[in-house]
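>>> Below: sequence and its predicted model.
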Amino acid sequence: MTKKIGFILLFAGLFASMGFYPIDGYERSRITRLLDIQHTLDKGEKYTRIPAGAFASINDIELNLASQSGLSIDSILKEDPEFAKQIARITPGGAYSLAILDMTDPSNLKYASHRENVGYQPGSVGKIAVLNALFTQLKNIYPDDFDARIALLCNKRVSSGIWGIGDHHTIPIYDPIKEKLTKRTVIASDEFTLFEWADHMVSVSNNGAASVLYRESMLMSHFGKDYPRLTEEEAETFFKETPRDSLTNLANAVVNDPLRELGITEDDWRLGGVFTNGPDRYVGRKGGSIGTPKGLMKYLVQLEQGNVVDSLSSLEMKRILYITDRRIRYAKSSRLDSARVYFKSGSFYSCDKSKPGKCGDYAGNRFNYMNSVITVEHPNGKKYIVCLMTNVLSVNSAGAHMYLATKIDDVITGQ
């Protein structure tokens, strides 16, 4: 987060709902937060915070386009004229951009878009690139042993340090003995497993968690097979003794090179730096951050194909994106209550008192980016991906995203 002195205030609102990864996934992931929900259900109590679609088992989650893993992304993202016409009728004018893929029938995919190549500040959606970097490096360490990758995620504990502090987003900390859930901001002494940091990064969109995993991905890249035994003292020495420009180049490569390998260009989607200010003493920013609906769609389609890192990694990342708690913005549409949704949202906004128009939280009058990427899976078999990016000034676009979610669902489900 940054504040500019004078009339212009800059806010980063990287907000997302709490609670991803299937609620029966504790035995696999050792994400302690999941026990809070599981213990409630085990006692026979109702857990009313989540809709029906959030109660899926870890075994229910599958890749929808695995049978089409050999199809090129360019052949998939070709507009279907009739589908595009239907989507055009409900797409608002102005600063809206979107890409939609109906994958209900994998052998008859339907794509539609509107201003798909317009670039936006991706905000918290960019954290998916950090998740991708993490799984890319895990494969580099254990190329032929996926179980070893999961074991490292479950067992490797790392501290926050200066990387994880300074974000107002709270994280859930569960005490399984007292069965008590506490929510607070990250402190420097916090220590979690890599899996739990990933959950904090995606589920509550914690900026500090994203920076911690950014750091760990850099360390994995540099130390390779020695990383699992790397101590925090050795890691700290590496950052202190390596020139800042070298670390900046390493950081940029770790998150962006895997995207390029997927055919996602710099103009499609790139990440310019870490999410907190503490690491600035070590790592600079480079190239800025940008995202387009088509760039994000390229990623999510290849995730469904099992082509991101490898099929097992694609599936595991999809599990991490599964919502098991309160839904917001696009995902809040009641039309999606019975559906499984895999979701990330983010915003970035700025206020300038010298400019006309109201300004407030998530309603900047200088710029006001709000982005939603989602995969929807209905019980009736209707399945689709939406990447929506907007920059509507002086208005919190959460309601508009939710309304458009309903209209898009109407088109795809035929309601």
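Thanks, I have it.

>>> Give the buried residues for stretch 109-124.
Going by neighbour count (16 or more other Cβ atoms under 10 Å), the buried part of stretch 109-124 is 109-114, 116, 118-124. Glycine gets a C-beta too; all of them are placed from N, C-alpha and C.

>>> Endpoint to endpoint, stretch 116-127 covers what distance?
20 Å (Cα to Cα, to the nearest Å).

>>> before we move on, what about stretch 29-46?
Using Cα to Cα, the end-to-end distance of stretch 29-46 comes to 24 Å.

>>> what's the answer for stretch 235-248, then?
16 Å.

>>> Stretch 39-57 now?
So stretch 39-57: terminal residues 15 Å apart, Cα to Cα.

>>> measure the residue of the chain positioned farthest from its centre to S160 for me?
Within the chain, the residue lying farthest from the chain centre (Cα atoms, centre = their mean) is S354, at 33.8 Å. Per Cβ to Cβ, to the nearest Å, S354 is found 38 Å from S160.

>>> for N252, same thing?
Distance from N252 to S160, by Cβ to Cβ: 23 Å.

>>> out of these two, which sits in the more crowded spot?
With neighbours defined as other Cβ atoms under 10 Å, N252 and S160 compare such that S160 has more, 22 against 19.

>>> Could you pull out the buried residues of the one helix or strand K139 maps to?
In this structure, K139 sits in helix 127-141 according to DSSP states H and E. Buried residues in helix 127-141, counted by 16+ other Cβ under 10 Å: 127-139, 141.

>>> Kindly report the same for stretch 144-151.
146, 149-150.

>>> Also stretch 45-53?
Using 16+ other Cβ under 10 Å as the test for burial, stretch 45-53 gives 47, 50-51, 53.

>>> just stretch 248-264 next, same as before
For stretch 248-264, the neighbour count (16+ other Cβ under 10 Å) marks 248, 250-252, 254-256, 258-259, 262, 264 as buried.

>>> Rebuild these as JSON lines, extending it with secondary structure, distance to R30 and pLDDT.
Shown next, in JSON lines, are the buried residues of stretch 248-264 (DSSP: H, G, I helix; E, B strand; the rest coil; distance: Cβ to Cβ, whole Å; pLDDT from 0 to 100):
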{"residue": "T248", "secondary structure": "helix", "distance to R30": "33", "pLDDT": "98"}
{"residue": "L250", "secondary structure": "helix", "distance to R30": "29", "pLDDT": "98"}
{"residue": "A251", "secondary structure": "helix", "distance to R30": "28", "pLDDT": "97"}
{"residue": "N252", "secondary structure": "helix", "distance to R30": "31", "pLDDT": "97"}
{"residue": "V254", "secondary structure": "helix", "distance to R30": "25", "pLDDT": "98"}
{"residue": "V255", "secondary structure": "helix", "distance to R30": "25", "pLDDT": "98"}
{"residue": "N256", "secondary structure": "helix", "distance to R30": "30", "pLDDT": "98"}
{"residue": "P258", "secondary structure": "helix", "distance to R30": "25", "pLDDT": "98"}
{"residue": "L259", "secondary structure": "helix", "distance to R30": "29", "pLDDT": "98"}
{"residue": "L262", "secondary structure": "coil", "distance to R30": "29", "pLDDT": "98"}
{"residue": "I264", "secondary structure": "coil", "distance to R30": "31", "pLDDT": "98"}
